[in-house]
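Participant: Build the 3D model from these lines:
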Amino acid sequence: MRAAIYARYSSDMQSEASIEDQVRMCRERVGAEGFPIAEVFSDSAISGGSLKNRPGMLSLLDRARSSEFELVVAEALDRISRDQEDIAAIFKRLNHAGVRIVTLAEGEISELHIGLKGTMNALFLKDLAQKTRRGQRGRVEAGKIPGGNSYGYQMVRTMQDEGSVTTGERIIHEAEAEIVRRIFREYANGLAPRTIASRLNDEGIPSPRGGLWNASTINGSRQRRNGILNNELYRGRIIYNRQTFMKDPETGKRLSRPNPESEWVTTEVPHLRIIDEETWEAVQVIKDRYSSLRGNRRQTKKRLLSGLVRCGACGGNMTIVNRERYSCSAKRERGTCSSPVGIKVAELEKRVLDGLREILLGRQDLVEEFATAYREEVDRLRRSRTNDGSRLQKELAKVQRGIDRCLAYITDGDGDPGAVRGSLKELENRKRALERQLSEAGSASTIVLHPNVAEHYRRKVKELQTLFTDDATRQQAMEIVRSLIDHIAVHRGEERGKPDVILVGTLASILEYACAETKSAASGGDGGRVLMVAGVGFEPTTFRL
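Facilitator: Model (predicted):
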């Protein structure tokens with residue numbers, strides 16, 4: 001019986017050496033049973049509360065479906081997962097693949113373990129979160145910082161009498177504190193965050209993360225209370241429990257939700273004050289005034305080309321200013337780009353859509369070029385499948401001969417049947433896996449190219465144009481157009497006020513939209529299907545619009 005070993009450690013609970021310790025103990029157990037080890041899977045510094053972002057476990061499940069092992073060994077069930085839903089899903093998938101789970105702590109895992117231990121592990125996570133919050137609140141009440149370090153402060157670690165190290169203590173970092181005072185002072189004197197960030201970058205002063213300053217680093221969010229100008233620690237006040245963090249059950253990502261102000265915990269720490277109260281209030285008055293302006297409200301409606309437009313001078317993203325014009329974000333936020341080029345949103349969208357229409361309908365040579373590369377790739381794939389099928393057939397014949405020899409050894413009475421029973425079982429598992437692979441290869445749909453692809457191409461492009469005229473289908477049309485574009489570069493034009501626009505797209509992606517049809521569109525309706533081979537023979541191509 002082939003065994004796979006799985007190990008995991010959480011960064012907040014264990015050291016990295018824990019992986020090696022878990023694997024070593026599992027190897028000893030597997031070795032004592034006399035089983036060969038097929039592979040070792042692990043997830044380092046990853047919480048057991050979500051399966052979505054655990055590549056080691058996902059890889060293990062994928063290999064289990066290929067019948068590469070019959071046993072999974074782990075230190076304990078909570079190493080596999082602590083989430084009730086995930087542990088049940090893992091057990092169900094492995095059980096379907098004929099793979100058993102054995103842990104050093106619980107032994108062989110059954111449905112009873114999944115129910116009881118899954119519940120216990122879920123309760124453990126909840127209890128751990130409550131204890132963590134309780135400890136953090138205790139530190140806040142004692143005037144200590146419960147989380148990470150803020151710009152302008154330095155962590156202090158001291159050894160206590162019982163040997164433990166203190167956490168949450170801070171002292172003012174004078175060099176950084178002076179930068180904080182300068183930011184508040186300049187903002188109070190009328191300078192915009194973008195101007196302040198640009199000056200700091202020009203002087204080579206590193207940002208809190210060591211890179212370039214952004215306006216958002218200074219301005220932050222009033223709702224989330226982040227950013228230099230919103231950090232109340234600078235006025236000598238710790239505010240705790242402003243928000244609650246929860247994991248999205250679908251994505252496993254950590255999301256924040258604001259708590260009511262009545263649930264906040266506030267502690268005065270005057271020894272950490274960097275900004276005097278008069279300056280703090282003056283800055284907040286200015287921020288209140290600007291936050292009420294219509295132009296400062298968040299743009300929530302996604303535009304057609306959002307995230308695709310780049311500055312031709314520095315390569316940085318261009319963002320929408322005042323809801324009507326694209327401008328270089330590096331110039332506005334950091335002051336590191338000197339390009340004054342901008343373009344109206346409506347003008348850019350019109351030029352891109354008109355350009356795409358001309359490309360799609362006017363360049364029939366692209367269709368012919370694609371069809372040639374497509375057929376070449378289809379031939380290559382067909383040859384590859386033939387070679388794979390021949391290899392699988394040869395291996396299957398070899399496995400069958402091994403099975404026949406084992407059976408002959410047993411039926412002829414030449415020795416102890418138990419000596420070959422393990423080998424016979426492995427050969428039978430391998431035979432089933434090879435037969436499944438051959439069956440899947442034989443049932444693959446025939447790849448064909450529509451005989452009238454050029455006309456079909458033109459019809460599909462015209463359909464795309466009509467989608468934009470209907471509000472119900474506009475979103476679909478936007479997604480199609482965005483899929484055709486790698487990025488758009490806006491350069492300074494020869495004539496003032498008329499920038500050059502360069503569209504960079506992959507021709508295979510453009511033609512994939514045009515050729516994607518159901519199998520009924522195939523020649524003769526014989527069950528084949530039009531299938532694009534994305535990227536084959538087509539490198540990103542530029543078009544001047």
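Participant: Could you chop the protein up by domain?
Facilitator: Structural domains annotated on the chain: 3-128, 170-298, 382-444, as defined by automatic domain parsing.
Participant: I'd like these as JSON lines, with distance to T473 and mean neighbour count appended.
Facilitator: Backbone N, C-alpha and C define where each C-beta goes, glycine included. Formatted as JSON lines, those follow (distance: least, Cβ to Cβ, whole Å; neighbours: other Cβ atoms under 10 Å):
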{"stretch": "domain 3-128", "distance to T473": "32", "mean neighbour count": "17"}
{"stretch": "domain 170-298", "distance to T473": "26", "mean neighbour count": "15"}
{"stretch": "domain 382-444", "distance to T473": "33", "mean neighbour count": "13"}
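Participant: mind putting those domains in CSV, mean pLDDT and distance to V156 included?
Facilitator: Below are the domains of the chain laid out as CSV (pLDDT from 0 to 100; distance: least, Cβ to Cβ, whole Å):
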stretch, mean pLDDT, distance to V156
domain 3-128, 84, 22
domain 170-298, 84, 6
domain 382-444, 75, 60
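Participant: which one of the ones you listed lies closest to R492?
Facilitator: domain 170-298 (20.4 Å; Cβ to Cβ).
Participant: Need the CA coordinates for stretch 168-183. CSV is fine.
Facilitator: Output in CSV follows, covering the C-alpha atoms of stretch 168-183 (Å, rounded to 0.1, in the frame of the first residue of the first chain):
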residue,chain,number,x,y,z
GLY,A,168,3.1,46.1,22.7
GLU,A,169,5.5,48.6,24.2
ARG,A,170,6.5,51.5,22.0
ILE,A,171,8.8,54.6,22.1
ILE,A,172,8.9,57.5,19.7
HIS,A,173,11.3,57.2,16.8
GLU,A,174,12.4,60.8,16.5
ALA,A,175,13.6,60.9,12.9
GLU,A,176,10.3,59.4,11.7
ALA,A,177,8.2,61.5,14.2
GLU,A,178,9.7,64.6,12.6
ILE,A,179,8.4,63.5,9.2
VAL,A,180,5.0,62.9,10.7
ARG,A,181,5.0,66.5,12.2
ARG,A,182,6.1,67.9,8.8
ILE,A,183,3.2,66.1,7.0
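Participant: L503 contacts G355, correct?
Facilitator: Yes - here L503 reaches G355: they are 5.9 Å apart, a contact under Cβ atoms under 8 Å.
Participant: the more surrounded of the two?
Facilitator: Using other Cβ atoms under 10 Å as the criterion, L503 and G355 rank with L503 on top: 21 against 18.
Participant: Tell me how far the more buried one lies from I114.
Facilitator: Separation of L503 from I114 (Cβ to Cβ, to the nearest Å) stands at 53 Å.
Participant: quick one on the thing from earlier: any chance of the domains of the chain in a markdown table, with distance to E162 too?
Facilitator: What follows is these, written out as a markdown table (distance: least, Cβ to Cβ, whole Å):
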| stretch | distance to E162 |
| --- | --- |
| domain 3-128 | 22 |
| domain 170-298 | 22 |
| domain 382-444 | 55 |
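Participant: Can you get me the start-to-end distance on stretch 157-167?
Facilitator: 7 Å (Cα to Cα, to the nearest Å).
Participant: Can you identify each of the helices in the stretch 351-500 of the chain by residue range?
Facilitator: 364-411, 418-442, 453-467, 471-483 (DSSP state H, counting those that start in this stretch).
Participant: One more: the stretch 101-250 of the chain?
Facilitator: 111-141, 174-188, 193-202, 215-219.
Participant: Off-centre distance for the helix or strand hosting I5?
Facilitator: According to DSSP states H and E, I5 maps onto strand 3-9. Offset of strand 3-9 from its chain centre (Cα atoms, centre = their mean, to the nearest Å): 23 Å.
Participant: Was I right to think C328 contacts V309?
Facilitator: No - the pair C328 / V309 is not scored as a contact, 9.6 Å apart, by Cβ under 8 Å.
Participant: thinking again about what came up before, now render the helices of the stretch 101-250 of the chain as JSON lines, adding distance to L305.
Facilitator: Shown next, in JSON lines, are the helices of the stretch 101-250 of the chain (distance: least, Cβ to Cβ, whole Å):
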{"stretch": "helix 111-141", "distance to L305": "42"}
{"stretch": "helix 174-188", "distance to L305": "33"}
{"stretch": "helix 193-202", "distance to L305": "23"}
{"stretch": "helix 215-219", "distance to L305": "22"}
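Participant: Figure out which of those is closest to M246.
Facilitator: Once the helices of the stretch 101-250 of the chain are compared by Cβ to Cβ, helix 111-141 is nearest, at 9.9 Å.
Participant: give me the number of residues near the nearest residue to C328 once chain neighbours are set aside?
Facilitator: Spatial nearest neighbour of C328, excluding adjacent residues (Cβ to Cβ, 6 or more residues apart in numbering): C311 at 4.0 Å. For C311, the number of neighbouring residues by other Cβ under 10 Å comes to 22.
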